[in-house]
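Trainee: Quick one: sequence and predicted model below, then my questions.
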Amino acid sequence: MLSLEEDVALRSLELGHGIHLKVRLRASIVRLNASGMTVPRLAQHFGRNQRSIHNDLDRYETRGIAGLTDKRCAGPARRVTEEMDAYLHERLAEPRLWNSALLAEALVERFGIRVSRDAMRVRLLALGYSWKRGRYAPGQEPDPAVLHEHQASLATLKKGHWTAN
């Protein structure tokens with residue numbers, strides 16, 4: 001027998017908009033069972049197996065209204081482990097430019113695991129890394145001898161009188 005509060009809560013689930021269809025169905029099963037409808041009759045009425053009706057009723061008895069909802073599926077196991085995350089942190093601390101494709105190659109070399117460039121990008125975002133487009137900039141001051149050697153070419157280019165030699 002259901003209490004008045006339980007019946008009101010189950011009825012709101014049963015009739016609520018935006019509630020998952022399975023949850024609404026299970027709420028109906030619990031309410032009809034509490035009103036005296038037998039499990040074989042419920043199975044026939046809803047077109048379900050008697051075992052699934054029993055499962056729904058058991059879920060409600062053990063966990064209450066929370067038992068009517070499905071748990072979220074775990075999904076596949078992560079391919080990038082904590083050890084690999086630490087390795088990525090080490091690589092990103094180095095004074096060089098990395099991108100997701102290069103880091104994926106580094107994981108292949110070190111751990112023998114293939115991760116797509118997009119999966120690596122998502123993992124880097126989860127680790128708190130973001131990036132900007134790389135820019136070309138000299139890493140150091142140009143050598144004065146090389147600069148002097150090409151000074152005439154630079155002056156010609158600045159004037160816009162370039163000719164192929």
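Mentor: Yep, it's here. Given the structure is predicted, the values throughout are model-derived calculations rather than measurements. Numbers count the residues shown, from 1 in each chain.
Trainee: the domain parsing of the protein - what is it?
Mentor: For the chain, the structural domains run 4-68, 82-126, going by automatic domain parsing.
Trainee: Ser130 and Leu107, how far apart?
Mentor: From Ser130 over to Leu107 the distance is 20 Å, taken as Cβ to Cβ, to the nearest Å. For glycine as for every other residue, the C-beta is placed from the backbone atoms N, C-alpha and C.
Trainee: picking that back up, TSV for the domains of the chain, including distance to Leu147, mean pLDDT and mean neighbour count?
Mentor: Below are the domains of the chain laid out as TSV (distance: least, Cβ to Cβ, whole Å; pLDDT from 0 to 100; neighbours: other Cβ atoms under 10 Å):
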stretch	distance to Leu147	mean pLDDT	mean neighbour count
domain 4-68	69	94	15
domain 82-126	25	92	14
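Trainee: Show me the residue at the heart of this structure, geometrically.
Mentor: Val122 (7.9 Å; Cα atoms, centre = their mean).
Trainee: Tell me the secondary structure at that one.
Mentor: helix (DSSP: H, G, I helix; E, B strand; the rest coil).
Trainee: now Arg121, nearest residue through space, not along the chain?
Mentor: Leaving aside its sequence neighbours, Arg121 sits nearest to Ser100 (Cβ to Cβ, 6 or more residues apart in numbering; 4.4 Å).
Trainee: Distance of that neighbour relative to Leu13?
Mentor: 44 Å.
Trainee: before we move on, what about Pro40?
Mentor: Distance of Pro40 to Leu13, given as Cβ to Cβ: 24 Å.
Trainee: tally of neighbours for Val80?
Mentor: By the criterion of other Cβ atoms under 10 Å, Val80 has 19 neighbours.
Trainee: for it, phi and psi?
Mentor: In terms of degrees, to the nearest 10, the main-chain angles of Val80 are phi -90, psi 120.
Trainee: Return the residues in contact with the closest residue to it other than its chain neighbours.
Mentor: Nearest residue to Val80, sequence neighbours excluded (Cβ to Cβ, 6+ apart): Arg123, at 5.3 Å. Listed by Cβ atoms under 8 Å, 6 or more residues apart in numbering, the contact partners of Arg123 are 80, 85, 88, 115.
Trainee: Check Ser100 too.
Mentor: Contacts for Ser100 (Cβ under 8 Å, 6+ apart) come out as 117-118, 120-121, 124.
Trainee: With respect to His45, which of the residues you listed is nearest?
Mentor: Distance to His45 across those (Cβ to Cβ) is lowest for Asp118, with 47.8 Å.
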